[in-house]
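Enquirer: Task: produce atomic coordinates for the following.
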Amino acid sequence: MGYIPTQQSNTGSYVPTTNIWDVARLYDVDINSDEFRELLVRLYQNVNNITLVLNTKDSAFYLEQEFASGQIYFNPNSTDPNDLRPSYRIIIDTGALAAGVNATNHNLDITDTWTFTKIIGAASNSGALLYYPLPFAGTSSNNIQVTVSGTQVIINNQSGQIFNSSYILLEYLKS
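Expert: Got it, this is the predicted structure:
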């Protein structure tokens, strides 16, 4: 996969914005000089840093179809720290939530090699200006549980509230 920066060497994956290139000076530099070679090295280093940052960023697309998020995870089946696994994400519109069990097809082709890393969401009753995180841990009988099966997102709404919309974010690894 190539070099993956460690957290210590590239924390946050930010591209510096202070590199200023005086284009007028390029016309005066002898292309056979050490100064020109130094310019090329610095330019290469800046382009390489941009490439590393772009390749390690988490893309902020939350779509209703599978999307490679840009997140990368360790591989528990390998001792090579560069043998990483890509993460995928999808938003499932789970619609209105009545009391009890609500199930929505996710249309994913889940296999036994998949691992879910995030199952979260929110439910809204916009008329009452009431918004709950999903899952929701209320008192002992006042919870909203979220699970994923091979074919569906299942929400068990025991909160006592009715919601007119809800969304679940699934993030997962395929191997």
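Enquirer: use CA for all of it now, contacts and neighbours both
Expert: Will do.
Enquirer: how close does the residue nearest the centre of the chain sit to R89?
Expert: For the chain, the residue nearest the mean C-alpha position is S69 (4.3 Å; CA atoms, centre = their mean). Using CA to CA, to the nearest Å, we find S69 at a distance of 6 Å from R89.
Enquirer: before we move on, what about I144?
Expert: Computed with CA to CA, the distance linking I144 and R89 is 22 Å.
Enquirer: Please report the distance of the nearest residue to N75 once chain neighbours are set aside from L173.
Expert: Closest residue to N75 apart from its sequence neighbours, by CA to CA, 6 or more residues apart in numbering: L84 at 5.4 Å. As judged by CA to CA, L84 and L173 stand 10 Å apart.
Enquirer: Tell me where this structure is predicted with low confidence.
Expert: Residues of the chain that meet the criterion pLDDT under 70 lie in 1-14, 16-19.
Enquirer: Would you mind giving the domain segments of the chain?
Expert: 1-57, 67-173 (automatic domain parsing).
Enquirer: Single out the most deeply packed of these.
Expert: domain 67-173 (a mean of 16; mean count of other CA atoms under 10 Å).
Enquirer: chain center to that one: distance?
Expert: 14 Å (CA atoms, centre = their mean, to the nearest Å).
Enquirer: gap between the two ends of it?
Expert: Terminal-residue distance, domain 67-173 (CA to CA): 12 Å.
Enquirer: So which other helices or strands are in contact with whichever helix or strand V53 is part of?
Expert: Assessed by DSSP states H and E, V53 sits inside helix 34-56. The contact analysis (3 or more CA pairs under 8 Å, 6 or more residues apart in numbering; DSSP states H and E) places helix 34-56 against strand 67-73.
Enquirer: Can you tell me what sits against the strand it packs on?
Expert: 55-61, 84-90 (CA atoms under 8 Å, 6 or more residues apart in numbering).
Enquirer: Parallel or antiparallel, list what pairs with it.
Expert: strand 85-93 (antiparallel) (DSSP bridges).
Enquirer: moving C-terminal of the partner strand, what's the next helix or strand?
Expert: strand 100-105.
Enquirer: quick revisit: would TSV of the contacts of strand 67-73 with distance to A96 be doable?
Expert: Putting those into TSV (distance: CA to CA, whole Å) gives the following:
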residue	distance to A96
N55	37
T56	36
K57	33
D58	29
S59	28
A60	25
F61	23
L84	38
R85	34
P86	32
S87	28
Y88	25
R89	22
I90	19
